[in-house]
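Trainee: Kindly return the folded structure for what I paste below:
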Amino acid sequence: MNSVCLTAADRVRVVFRREEDRWMHAIEINASGHWRRALESIEGTPADDWPPSPALQNLNQSDLPDGSRGVLLVGMAGKSHWSAAITADAANGLLKFDIACRAGAAPDHLGSAYRIIDVGLFAAPPTDWLSVCSPSADGQCVFSETPELLTIHVESRSTDLPHTFRWQYSIQLPMDEKPAR
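Mentor: Reported below is the predicted structural model:
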């Protein structure tokens with residue numbers, strides 16, 4: 001298994017591909033019947049204790065009780081263990097990401113980073129179709145965008161270690177969004 005795909009309502013999908021020691025992923029958008037890559041995760045190397053995106057080495061697909069499909073991933077980097085659950089909500093055209101890192105040391109960087117491949121694919125910028133949720137009381141998630149990069153950064157007030165940091169975000173195209181090309 002070298003690639004895995006989750007599609008949400010034939011509008012947006014996430015494609016996982018094995019790269020070296022981990023799974024990278026890309027967000028693709030259906031533009032006039034053709035899948036176009038919009039975002040691509042920025043991965044680290046085995047030498048990175050704090051990679052730009054979660055270090056996820058093992059992937060399992062699951063059928064969920066509500067009939068949807070999900071992908072569960074785990075991995076490690078440095079002294080930290082990572083997990084992710086990604087689901088496709090076909091009814092709402094929504095991709096949901098729930099990520100956690102059990103950190104044994106204070107993080108230099110913690111979050112998810114994406115290279116913007118084709119921001120002009122739709123009229124709305126990525127920040128208009130990205131929703132970030134911070135489920136824990138000890139911190140928050142913030143996102144930023146440049147012409148080349150979209151990042152979700154975890155800011156935590158916790159100094160207790162080891163500590164589990166968690167962040168959630170979803171990707172959903174506005175229903176009235178039309179492809180720009």
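Trainee: thought residue 108 was touching residue 51?
Mentor: No - here residue 108 does not reach residue 51: they are 10.2 Å apart, not a contact under Cβ atoms under 8 Å. Glycine gets a C-beta too; all of them are placed from N, C-alpha and C.
Trainee: Out of those two, name the residue with the larger neighbour count.
Mentor: More crowded of residue 108 and residue 51, by other Cβ atoms under 10 Å: residue 51, with 24 against 9.
Trainee: a helix runs through the more buried one, doesn't it?
Mentor: No - counting by DSSP: H, G, I helix; E, B strand; the rest coil, residue 51 is not part of a helix but coil.
Trainee: Please give me every residue in contact with it.
Mentor: 43, 44, 45, 77 (Cβ atoms under 8 Å, 6 or more residues apart in numbering).
Trainee: all helices of this protein, in order?
Mentor: With DSSP state H as the criterion, the chain has no helices.
Trainee: So, low pLDDT: which residues of it?
Mentor: 1, 119-130, 132-139, 157, 174-181 (pLDDT under 70).
Trainee: one step back: so of the contacts of residue 51, which two are at opposite extremes in space?
Mentor: The largest separation in these, counting by Cβ to Cβ, is between 43 and 77 at 10.4 Å.
Trainee: residues shared between the contacts of these two?
Mentor: By Cβ under 8 Å, 6+ apart, the residues touching both residue 43 and residue 77 are 51, 55.
Trainee: how deep is the residue lying closest to residue 150 once chain neighbours are set aside tucked in, by neighbour count?
Mentor: Once flanking residues are discounted, residue 150 sits nearest to residue 114: 4.4 Å by Cβ to Cβ, 6 or more residues apart in numbering. Neighbour count of residue 114, defined by other Cβ under 10 Å: 25.
Trainee: who's residue 114 bridged to?
Mentor: Residue 114 has the following beta-bridge partners by DSSP bridges: residue 41, residue 150.
Trainee: hang on, the earlier thing: tell me the buried residues within the contacts of residue 51.
Mentor: Buried members of the contacts of residue 51, scored by 16 or more other Cβ atoms under 10 Å, are 43, 44, 77.
Trainee: Next, give phi and psi for the closest residue in space to the second one that isn't next to it in sequence.
Mentor: Pointing back at residue 44 there. The shortest distance from residue 44 to any non-neighbouring residue, by Cβ to Cβ, 6+ apart, is to residue 51 (2.5 Å). Phi and psi for residue 51, reported as degrees, to the nearest 10, are phi -70, psi 160.
Trainee: list the contacts for the residue located most distally from the centre of the chain?
Mentor: In the chain, counting by Cα atoms, centre = their mean, residue 160 sits farthest out from the average C-alpha position, at 25.8 Å. Contact analysis of residue 160 by Cβ under 8 Å, 6+ apart lists nothing.
Trainee: All good on my end, thank you.
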